[in-house]
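1. Sequence first, then the predicted structure, then my questions.
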Amino acid sequence: MSSTKSINNLVALVRGPVVCSNTSLNNEAVPALGLAYIAGYLRKKGYQVVLIDSTVEGLNNLFEFKEYPGFSGQGLRHEKTISMIPKHAKVIAFSGMFSGEWPVLRDLITQTRQTFPEALLVAGGEHITALTEYSLRDCPALDVCVRGEGEHTFYELVKAYLETGIFSSVPAVAYLDKESEYQQNGTNTPRISNIEEIPWPYWPDNYLEKFWKAGKSYGVATERDMPFLLSRGCPFQCIFCSNLLMWNTQYNFRDLDDVMEEINYYIKRYRITSLQLYDLTAIIKKQWIMDFCQRMIDENIKVKWSLPSGTRSEALDKDVLKMLKKTNCNYVVFAPESGSQRTLKKIKKRVKLERLTKSVIESKRQGLTTRTTCIIGFPHETWSDIFATILFQLKMAFRGIDDLPLYIFSPYPGTEIFDELMEGGRIMLNDDYFFKLTSLNGDYFATDIPTFNDNINGRLLGVTRLVAVLTSYTISYLLYPKRIIRSIRNIFSGNIASTVFEHRLKDFFNRS
């Protein structure tokens, strides 16, 4: 490729800083897997790609946003991020995954426009897909949005724009026309039918190494964790999750031969010590996961692997859990969401608590580090539902479950519950709403808890959550006192954390 063609084909992919409240325990910073997949796809199509990740350049370094009191960014300030974008970039795309980060991302896009007045500015991700028109109107500097699964749509957009200067006919994009009328090409977000056509993620030189050196990880950290996907999508329709709008219900497993080839490549290329599965729902079919584990054994793959995103319990019986342990799975997250069967029915979470509990206990019996995540404060809930969920977590603590987080319901854009609350006038889209999404679940000491439930006072809900979490972990540590020494050693030394709880505390104390 000639230098002139390279310049004409240059695409910059940009991620802004992680946003958190100043007192949050959760300043999670992980590799940008979505952008890495898009970079790999574009490179296969012959485009030159530059990945600019503000977060990776400023790991553990937090700065306060003067314009947003009480909130900080982990990464680079906007002017530094923008200075890293090549001056000849004609297309600059931004990752807009989390609604809680939208005001900061909007400012980054706006300031980028000032430096690059002629470039095409694009945004995509879950937030952009859920609030496409709002994002375009709230950020006039933004030219066009990519909705849904990004690789092929963004490639078609880049190709059309660089070849013709026009993108108005590209499927699954949205924009404001010259009369400021909202234009959206198609109502559904298309999916790539054959996921084997999607190239592996592209990781720039020394990118992953920066996360490893800083000890950053999505789940339980090892020395060299690799983000990984076995599948795409989720077939379920939980009303508090934006999956349905972003991915629809199409769910695809990858071909095992391709999976194993990628794993072996990472072992040789990066000397990885663990795979961290970012799948929305990694384990649904028992036979597929058993085949995966058997291939790990047959090919003598010794790296650890984990399920930090959470998974369902239907396929996790004793046989499967034994295979997980046998193949060095070191962390399993179950997502019951609630200890109230009434709530589970309301939110369309099709799980049976009795069966899930058996899977959780069996996971611990097999020696797997295990986590259960639950949510309280759904709009329909009464205190009876909330106490049922707290009681479930307390029971898990007594049974030795390692991680026991309790989250407060957040009405994320793109979910069925969000739409109902918007129609009822319970949500007003503004910066205050977005920042409350950021602070709700990372800041356990927050007192200004927004509640979308007429039965429950927000402040009392926050206090209840704090007391419940402290009680759960106290029971866990008192009944299993060896964990106390382990956690102190892991948090305040160079040791690897054994649980996500330890990892988040370690991050908090390492802030600079």
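-> Nice, I can see it.

2. Secondary structure of L275: a helix, I assume?
-> No: counting by DSSP: H, G, I helix; E, B strand; the rest coil, L275 is located in no helix; its state is strand.

3. quick one: it and A12, what's the gap?
-> The gap separating L275 from A12 is 29 Å, by C-beta to C-beta, to the nearest Å. The way it works is simple: take the backbone N, C-alpha and C, and place the C-beta from them, glycine included.

4. more neighbours, those two?
-> L275 (27 against 22; other C-beta atoms under 10 Å).

5. can I assume that one is in contact with W305?
-> Yes: L275 lies in contact with W305 (C-beta atoms under 8 Å); the separation is 4.1 Å.

6. who touches both of the two?
-> F228 (C-beta atoms under 8 Å, 6 or more residues apart in numbering).

7. For S72, name its beta-bridge partners.
-> C20, E64 (DSSP bridges).

8. from memory L394 sits against T471, does it?
-> Yes: counting by C-beta under 8 Å, T471 is a contact partner of L394 at 6.8 Å.

9. Looking at these two, which has the bigger crowd around it?
-> L394 (18 against 15).

10. give the contact list for that one.
-> 468, 471-472, 475.

11. What about the residue nearest to S99 when sequence neighbours are not counted, how many residues nearby?
-> Nearest in space to S99, with sequence neighbours left out and distances taken as C-beta to C-beta, 6 or more residues apart in numbering, is H127 at 4.5 Å. When neighbours are counted by other C-beta under 10 Å, H127 registers 27.

12. following the helix or strand containing H127, which helix or strand comes up?
-> In this structure, H127 sits in helix 126-130 according to DSSP states H and E. Remark: after helix 126-130, the chain's next helix or strand is helix 132-138, criterion DSSP H and E.

13. I'd like the mean pLDDT over the helix or strand that comes right after that next one, please.
-> Downstream of helix 132-138, the first helix or strand assigned by DSSP H and E is strand 144-146. Mean pLDDT, strand 144-146: 97.

14. Now do strand 144-146: which elements does it pack against?
-> Using 3 or more C-beta pairs under 8 Å, 6 or more residues apart in numbering; DSSP states H and E, the elements in contact with strand 144-146 are strand 120-124, helix 126-130, helix 132-138, helix 150-164, strand 173-176.

15. can you give me how far it is from the chain middle?
-> Relative to its chain's centre, strand 144-146 lies at 20 Å (C-alpha atoms, centre = their mean, to the nearest Å).

16. strands paired with that strand, and their directions?
-> strand 120-124 (parallel), strand 173-176 (antiparallel).

17. Give me the number of neighbouring residues for T164.
-> So T164, with other C-beta under 10 Å, has 10 neighbours.

18. Let me fix that, I meant to ask about E196.
-> E196 has 10 nearby residues by other C-beta under 10 Å.

19. so it touches D257, yeah?
-> No: assessed by C-beta under 8 Å, E196 is found out of contact with D257, at 9.4 Å.

20. residue ranges of the strands in the stretch 1-150 of the chain, please?
-> Assigned by DSSP state E, counting those that start in this stretch, the stretch 1-150 of the chain shows strands spanning 10-15, 18-21, 48-53, 62-64, 71-74, 91-95, 120-124, 144-146.

21. between these, which one is nearest to D403?
-> strand 18-21 (19.3 Å; C-beta to C-beta).

22. How far off centre is that closest one?
-> That offset, for strand 18-21, works out to 14 Å (C-alpha atoms, centre = their mean).

23. go on, stretch 323-338?
-> Distance, centroid of stretch 323-338 to centroid of chain: 18 Å (C-alpha atoms, centre = their mean).

24. pLDDT averaged over it - what is it?
-> In the prediction, stretch 323-338 has an average pLDDT of 93.

25. For that stretch, buried residues please.
-> For stretch 323-338, burial by neighbour count (16 or more other C-beta atoms under 10 Å) applies to 323-325, 327-338.

26. Can you tell me which of the residues you listed is closest to S359?
-> F334 (6.9 Å).

27. Is the closest one in a helix, a strand, or coil?
-> Under three-state DSSP, F334 comes out as strand.

28. any idea how far R295 lies from V259?
-> 8 Å.

29. Of the two, give the one with the bigger neighbour count.
-> V259 (19 against 16).

30. Okay, and the more buried one sits in which element?
-> With DSSP H and E as the criterion, the answer for V259 is helix 256-270.

31. what residues does that helix touch?
-> Contacts of helix 256-270 from elsewhere in the structure, counted by C-beta under 8 Å, 6+ apart, are 196, 200, 208, 224, 226, 228, 230, 272, 275, 291-292, 295, 299, 301, 303.

32. Perfect, that will be all.
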